[in-house]
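Colleague: Fold the following for me, if possible:
(chains A and B)
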2 protein chains.
Amino acid sequence: MSTFQSLPGFREFYPEDCAARNGLFRAWRAAARRQGFVEYDAPVLEPLELYQEKSGEEIKSQLFEFEDKGGRKVALRPEMTPSLARLVAAKAGSLRKPLKWFSIGEMYRYEKPQKGRGRSFYQFNADILGESGVGADAECIALLVEALKECGLGEGEFEVRISDRKLWFLFLQAYGLDEKKALEVFTIVDKWGRDPETVTKGKLLKYLPDEGVERIFSSIKESTTKYMLLGDVMTGKVEYLNARGKDIIELFKCLESLGISGKLVKQDMSIVRGLAYYTGFVFEAYQTVGTARALAGGGRYDDLLMKLGGVDMPAVGFGMGDMTVSDLLNELKRPLTDEGKLDIYLVIGSDKERPEALKLVGQFRAAGLSVDYPLKEEKFGKQFKTAEQCGARLAVILGPDEVAAGQVKIKDMLSRVEVAVPNNPGLPANVREIVEKGLPA
Amino acid sequence: MSTFQSLPGFREFYPEDCAARNGLFRAWRAAARRQGFVEYDAPVLEPLELYQEKSGEEIKSQLFEFEDKGGRKVALRPEMTPSLARLVAAKAGSLRKPLKWFSIGEMYRYEKPQKGRGRSFYQFNADILGESGVGADAECIALLVEALKECGLGEGEFEVRISDRKLWFLFLQAYGLDEKKALEVFTIVDKWGRDPETVTKGKLLKYLPDEGVERIFSSIKESTTKYMLLGDVMTGKVEYLNARGKDIIELFKCLESLGISGKLVKQDMSIVRGLAYYTGFVFEAYQTVGTARALAGGGRYDDLLMKLGGVDMPAVGFGMGDMTVSDLLNELKRPLTDEGKLDIYLVIGSDKERPEALKLVGQFRAAGLSVDYPLKEEKFGKQFKTAEQCGARLAVILGPDEVAAGQVKIKDMLSRVEVAVPNNPGLPANVREIVEKGLPA
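Modeller: Predicted coordinates:
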């Protein structure tokens, strides 16, 4: 009885869905490789403690955790970064720095399944480790942009909003706020656009003077960091803040040099990122067509490897899930696919011609062509229908007449042109050329 | 502190390992697509009942099972077939038959980690559903052979041993054994080559007369089914057994027609396969170089979809794990790899030339080339060393002299030839051609 179902929030990939998923993977991989990133992977199941140490509270509450048969507390990975940190820390001495690493893997979070959010999803993670300069942040953001472009998105469809937690900390410090208070301010800023302005203002005024709140509002509204960089009210911190200003300018200059359109990146100090471990630039990619949804996010996390692996290594990276990107591509009617196309469907007259036909199948495949054929005797009409349904480029026909004449017929399934060609040792090469160039009309 | 480790039996994939894994995936995928198989996937986490229904006792005892936060009993998948059966059964009416489906996914079994066996491993699964004829068995076995060949293995390095549980059942029935007794005989035969002959013979004599045991021994030793096909002692079953004989002959004829070398497939009635659900031909691929180890196995399972999904659909398929195949390829010093090769390392004179250099990086990447470069100012020598370590095809050099001359230098990292070319809009296309064809010596 068919009472079995998959678990809520977990997806089945029928061939069409699988081709779309693989198309996305191919796009991610192509963009990463073009930028000289190399791929790694890590276990799907990890010791629970790996996440207890540093994952945010939300992630910890969503863990698929259990005790294995050996009494170990384990969890399905909800994010990649802790595993990455362990891999890198374990071989920190022997790995050539900077590392430019990416991975494509599945993550698991027990949350309410909804549009764009499942309990399992794929995530593209890309990180640069071992380089603290702004050049690494720029290269990472460039990959984020290029990966989305490789998926088929362009100007007007997405943008990367860049903020700076270092500037935020310096700014709040200048007003006398410690890290704890700063993180409280972040939770207020994080609701930007969802809370009414007056509410946000009211909340911020509990931490900052009027003038400081004004600076924040002006910076965010005008998409600039400049009001938060000015040193006029900040005793003793002026020079330090201005130095950070140079970094910010440098970051955007690098992006421009790399050919990243200014329309695809902008300053947005309302981005603070939930995770506690970010230490510098943070950024999120948003779709700007239809509903504004986050497509990806990341930032610099210079202290995490020390905390997790005892290794002092600066790092910057991002993660991009598959679901919102796929939803967007489907909405735009531009789905990706990575379907293996079928070159040839071999149409077989009857069981009498079958041995000869299978020989052709073997020869065509040996020539690198993809070939399908009926597994038992079938009427011509049905076979041609199947050839069409499979999307075969050519039908190659071998019936009694063809065998008698020492030929096969080749039908171009697009142009419907049909020709007879000799069934000799040159046939596979001949057919290969027709697959590539089509039959002369 | 670096006290974190991955779980026993789970693998980390540093870039080199990941490239090897991806190379294997690429080989599997290429072979499957050439034969017109399409890819699917299913969740890694499934309801526990999916495996309780039909997985063998061994697999059930090795499940990573737990209760999720919603109180559902769940398990990490130990095998693919139950999920496949569910997918197919759910859409049996609308899917065009026969289905030729494959998947590449990770499986999880809590067993003692050892060489060639982890608690997580990848498995290539390929199945043909909806066709009961021998043609489907042949096509499936052909894919098994072709997939191993695509991995780089050839004659003398592996073989597929083909047996027939249908013949086994008929043969034992003719001696009056019911299914339960037959399965007991299978557990004896399953130890072939591990138990001494006299022990096997003694055990079999408890179920069969001398003459029957002789037939089994002759069949297995001479790699033939013929002694078990002959009907002379079997009253009333003669015709039925002979009909099966025709199927067996037809199977091997199909394989021969498909171009599968007779040296790569052979009859071996000692193969019975542990899983209870096989109903016809069963087969295992073995490496025949070094230690004989099973590389893959499968067979026909015509009743499983009815049992699991309430749908009457014949099926044949196999599974191939990644670990023994990879071990063998490593032993043969023929590891696969799917490393993204780096086309260009851009060598940058100083921060003065950096904006201009980044522009080239962006242009080269836009031309589809993979490009890496130093993320901060570095000495020439170190940059060339990095270019070499990355395996870059070319080094493109932009220092103050080149900028002044409106040129770049291009160094072929293989031939060491270096030329100066104009830094004009034609440069990316120019460099692309050099990457493909090399510099004239």
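
Colleague: Point out where chain A drops to low pLDDT.
Modeller: A:1-3, A:230-240, A:275, A:441 (pLDDT under 70).

Colleague: need the contact list for the spatially most central residue of chain A.
Modeller: Taking CA atoms, centre = their mean, the centroid of chain A lies closest to A:F124, which sits 3.7 Å from it. Each residue near A:F124 by CB atoms under 8 Å, 6 or more residues apart in numbering or on different chains is listed here: A:28, A:32, A:102-104, A:147, A:296, A:319-322. Glycine gets a C-beta too; all of them are placed from N, C-alpha and C.

Colleague: Try it again at 7 Å.
Modeller: Going by CB atoms under 7 Å, 6 or more residues apart in numbering or on different chains, A:F124 touches A:28, A:102, A:104, A:147, A:319-320.

Colleague: Enumerate the residues of the stretch 51-200 of chain A near chain B.
Modeller: For the stretch 51-200 of chain A, the contact set with chain B under CB under 7 Å from any CB of the partner chain comprises A:64, A:66, A:68-69, A:72, A:74, A:86-87, A:89-90, A:96, A:98, A:101, A:106, A:110, A:120, A:131, A:133, A:135-136, A:139.

Colleague: Give me the phi and psi angles of A:G297.
Modeller: Note on A:G297: backbone dihedrals following degrees, to the nearest 10 are phi -160, psi 160.

Colleague: Which of the helices or strands spans the residue lying closest to A:E377 once chain neighbours are set aside?
Modeller: Excluding its sequence neighbours, the residue lying closest to A:E377 (CB to CB, 6 or more residues apart in numbering or on different chains) is A:D351, at 5.1 Å. Per DSSP states H and E, A:D351 falls between elements, in no helix or strand.

Colleague: do A:V160 as well
Modeller: Taking DSSP H and E as the criterion, A:V160 maps to strand A:158-164.

Colleague: What is the distance between that strand and the centre of its chain?
Modeller: 17 Å (CA atoms, centre = their mean, to the nearest Å).

Colleague: Quick one: list the elements packing against that strand.
Modeller: helix A:134-150, strand A:265-267, strand A:281-287 (3 or more CB pairs under 7 Å, 6 or more residues apart in numbering or on different chains; DSSP states H and E).

Colleague: Tell me which residues are up against the longest one.
Modeller: Yep, that's helix A:134-150 we're talking about. Against helix A:134-150 from outside (CB under 7 Å, 6+ apart): A:27-28, A:30-32, A:35, A:37, A:98, A:124, A:126, A:128, A:158, A:160, A:162, A:247, A:250-251, A:254-255, A:258, A:260, A:264-265, A:281, A:283, A:285, A:295-296, A:300, A:316-318, A:320, B:375-376.

Colleague: Okay, strands next: where are they in the stretch 301-441 of chain A?
Modeller: In the stretch 301-441 of chain A, the strands defined using DSSP state E, counting those that start in this stretch lie at A:315-321, A:344-348, A:371-372, A:394-398, A:407-412, A:418-422.

Colleague: so what does the third one touch, helix or strand wise?
Modeller: When contacts are defined as 3+ CB pairs under 7 Å, 6+ apart, strand A:371-372 packs onto strand A:344-348, helix A:354-366.

Colleague: Deepest-packed of the ones you listed, please.
Modeller: Neighbour counts (mean count of other CB atoms under 10 Å in any protein chain shown) averaged over each of the helices and strands packed on strand A:371-372 peak at strand A:344-348, with a mean of 26.

Colleague: That one pairs with which strands, parallel or anti?
Modeller: With DSSP bridges as the criterion, the sheet partners recorded for strand A:344-348 are strand A:371-372 (parallel), strand A:394-398 (parallel).

Colleague: Could you say which of these is packed most deeply?
Modeller: strand A:394-398 (a mean of 24).

Colleague: Can you point out the buried residues in stretch A:328-348?
Modeller: For stretch A:328-348, a neighbour-count test (16 or more other CB atoms under 10 Å in any protein chain shown) marks A:328-329, A:336, A:338-340, A:342-348 as buried.

Colleague: from the residues you listed, which single one is nearest chain B?
Modeller: Proximity of the buried residues of stretch A:328-348 to chain B (CB to the nearest CB) peaks at A:G340, which lies at 3.4 Å.

Colleague: my guess is that closest one meets B:R33, correct?
Modeller: Yes. If you go by CB atoms under 7 Å, A:G340 and B:R33 touch, sitting 3.4 Å apart.

Colleague: shared neighbours of the two, anything?
Modeller: What both A:G340 and B:R33 touch, as defined by CB under 7 Å, 6+ apart, is the set A:S370.

Colleague: tell me the secondary structure for the residue nearest to the centre of chain A?
Modeller: At A:F124 the chain is in strand, as set by DSSP: H, G, I helix; E, B strand; the rest coil.

Colleague: What's the local residue count around whichever residue of the stretch 101-250 of chain A sits closest to chain B?
Modeller: Nearest residue of the stretch 101-250 of chain A to chain B (CB to the nearest CB) works out as A:G135 at 3.8 Å. Per other CB atoms under 10 Å in any protein chain shown, the neighbour tally for A:G135 reads 22.

Colleague: how far away is it from A:Q173?
Modeller: A:G135 sits 26 Å away from A:Q173, taking CB to CB, to the nearest Å as the criterion.

Colleague: closest point of the stretch 201-350 of chain A to chain B, which residue?
Modeller: Counting by CB to the nearest CB, the stretch 201-350 of chain A gets nearest to chain B through A:G259 (2.9 Å).

Colleague: Next, the contact list for that residue, please.
Modeller: Counting by CB under 7 Å, 6+ apart, A:G259 has contacts B:359, B:362-363, B:366.

Colleague: Are we agreed that it is in a strand?
Modeller: No. Per three-state DSSP, A:G259 lies outside any strand segment and is coil.

Colleague: phi, psi of it?
Modeller: Torsion angles, degrees, to the nearest 10, at A:G259: phi 90, psi 10.

Colleague: Return the distance of it relative to A:Q389.
Modeller: A:G259 sits 43 Å away from A:Q389, going by CB to CB.

Colleague: Quick check: buried residues in stretch A:112-126?
Modeller: Here stretch A:112-126 shows A:116, A:118-126 as buried, counting by 16+ other CB under 10 Å.

Colleague: Let me know the closest of the residues you listed to A:P82.
Modeller: A:P82 lies nearest to A:N125 out of the buried residues of stretch A:112-126, by CB to CB, at 11.3 Å.

Colleague: which residues touch the residue lying closest to A:L205 once chain neighbours are set aside?
Modeller: Leaving aside its chain neighbours, A:L205 sits nearest to A:V213 (5.8 Å; criterion: CB to CB, 6+ apart). Taking CB under 7 Å, 6+ apart as the contact definition, A:V213 lies against A:201, A:204-205.
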